[in-house]
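pasting a predicted model and its sequence here:
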Amino acid sequence: MCLNNFNEIRERIIDQLVSMGIVSDEYVIKALKTVPREEFVPDNLRKYAYLDQPLPIGYGQTISAIHMVAIMTQELKPRPGNRVLEIGTGSGYQAAVLAEIVAKMDPEKKGRVYTIERIPALAEYARRNLEKTGYIDYVEVVVGDGTLGYRDAAPYDGIIVTAGAPDVPKPLIEQLRDGGKLVIPVGNRFIQRLLIVEKQGDRLIKRWSIECVFVPLIGKYGWRE
Ligand code: SAH
């Protein structure tokens with residue numbers, strides 16, 4: 001197989017996730033088939049970009065496996081025009097997938113992605129990746145502690161946390177609009193379970209999804225360093 005033909009390989013692995021019943025949302029399928037994951041991994045790992053597993057991106061952090069990005073995005077259910085917040089920018093890949101759906105598919109609806117990263121060098125790495133793939137116009141990369149959320153652009157239609165948390169950070173619930181959704185891995189430092197929280201007025205509707213393994217969410221409402 002020609003390892004440089006990434007478009008064909010990308011199409012094929014996403015079709016596989018569809019046939020396994022892992023992803024069915026048309027927006028998510030289209031975005032995963034569009035965003036070039038190979039541009040979001042370190043150069044020496046390009047040929048592994050479509051192995052469905054996490055890959056190291058430096059600083060002890062990882063880009064999530066393809067199926068995990070698919071599942072989390074599908075749980076969030078972003079739509080064109082949404083304003084979405086991501087905690088844990090890492091490579092910028094998840095942010096690009098979100099931006100493809102909320103902004104690039106229908107720019108007139110003016111959707112936007114805000115993403116927070118605590119490690120400045122990774123935020124810079126993500127910015128470069130988003131720039132070369134044309135997503136930077138729709139994504140704002142912020143350096144800081146994402147467990148505090150990002151008040152400047154709140155409220156959000158959706159918030160996605162891509163690091164493992166001990167519990168749901170309170171500021172994130174506050175920054176969710178009524179009817180908005182939060183997707184977050186909650187558990188101990190080594191294993192978590194995806195939690196989906198829907199805000200309906202004063203009520204929070206919670207649902208647990210699959211088990212997962214993420215690097216720790218470090219911050220005021222996360223783990224101590
Ligand atoms: N979504 C990323 C992968 C995230 S890995 C991608 O698509 O590539 C988790 C990231 O969360 C790491 O980069 C880590 O530095 C970051 N992180 C951990 N705690 C954080 C916090 N409190 N605020 C912002 N980022 C945090």
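Looks like it came in fine. Source: prediction; values computed, not measured.

backbone dihedrals for the residue positioned nearest the centre of the chain, please?
Against the mean C-alpha coordinate of the chain, by CA atoms, centre = their mean, the closest residue is Gln94 at 3.5 Å. Main-chain torsions, Gln94, degrees, to the nearest 10: phi -60, psi -40.

tell me the secondary structure at Thr89.
Secondary structure for Thr89, judged by DSSP: H, G, I helix; E, B strand; the rest coil, is coil.

equivalent analysis for Gly179, please.
Gly179 ends up strand, using three-state DSSP.

I'd guessed it sits against Ile205; true?
No: between Gly179 and Ile205 there is no contact under CB atoms under 8 Å: 10.7 Å. For every residue, glycine as well, the C-beta is placed using N, CA and C.

what's the overlap in contacts for the two?
Listed as contacting both Gly179 and Ile205 by CB atoms under 8 Å, 6 or more residues apart in numbering are Glu198.

what about the helices in the protein?
6-19, 26-34, 66-76, 93-99, 120-132, 170-174 (DSSP state H).

what's the most buried one of those helices?
helix 93-99 (a mean of 29; mean count of other CB atoms under 10 Å).

contacting residues around that one?
Contacts of helix 93-99 (CB under 8 Å, 6+ apart): 28, 31-32, 35, 37, 40, 63-64, 69, 72-73, 76, 78, 84, 86, 89, 111, 113, 115, 126, 129-130, 133, 135, 138-139, 141, 160, 162.

those residues: which ones sit near the ligand?
Contacts with the ligand within the contacts of helix 93-99, counted by CB under 6 Å from any ligand atom: Ile63, Ser64, Thr162.

run through the bridge partners of the first one.
What that stands for is Ile63. Judged by DSSP bridges, the bridge partners of Ile63 are Leu55.

check the gap between it and Leu204 for me.
As judged by CB to CB, to the nearest Å, Ile63 and Leu204 stand 30 Å apart.

what sits against Leu182?
If you count contacts by CB under 8 Å, 6+ apart, Leu182 has them with 158-161, 168, 172-173, 176, 195-199.

dig out what it forms beta bridges with.
Ile159, Val197.

how far away is Lys77 from the ligand?
18 Å (CB to the nearest ligand atom, to the nearest Å).

which residues does that residue contact?
Taking CB under 8 Å, 6+ apart, one finds Asp25, Gly158, Lys181 in contact with Lys77.

sorry, back to before: out of the ones next to the ligand among the contacts of helix 93-99, which are buried?
The neighbour count (16 or more other CB atoms under 10 Å) marks Ile63, Ser64, Thr162 as buried among those.

which positions within stretch 199-210 qualify as buried?
Lys199.

repeat that for stretch 162-181.
Buried, per 16+ other CB under 10 Å, within stretch 162-181: 162-166, 168-169, 171-172, 175-176, 180-181.

got CSV for the residues you listed, with pLDDT too?
Shown next, in CSV, are these (pLDDT from 0 to 100):
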residue, pLDDT
Thr162, 98
Ala163, 98
Gly164, 98
Ala165, 98
Pro166, 98
Val168, 98
Pro169, 98
Pro171, 98
Leu172, 98
Gln175, 98
Leu176, 98
Gly180, 98
Lys181, 98
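
the protein against the ligand: which residues are in contact?
Within the chain, the positions near the ligand by CB under 6 Å from any ligand atom are 61-64, 87-88, 90-91, 93-94, 116-119, 122, 145-147, 162-163, 215, 217-219, 222.

His67 and Leu17 touch, don't they?
Yes: with contact defined as CB under 8 Å, His67 reaches Leu17; the gap is 5.9 Å.

any common contacting residues for those two?
Residues touching both His67 and Leu17 (CB under 8 Å, 6+ apart): Val23, Asp52.
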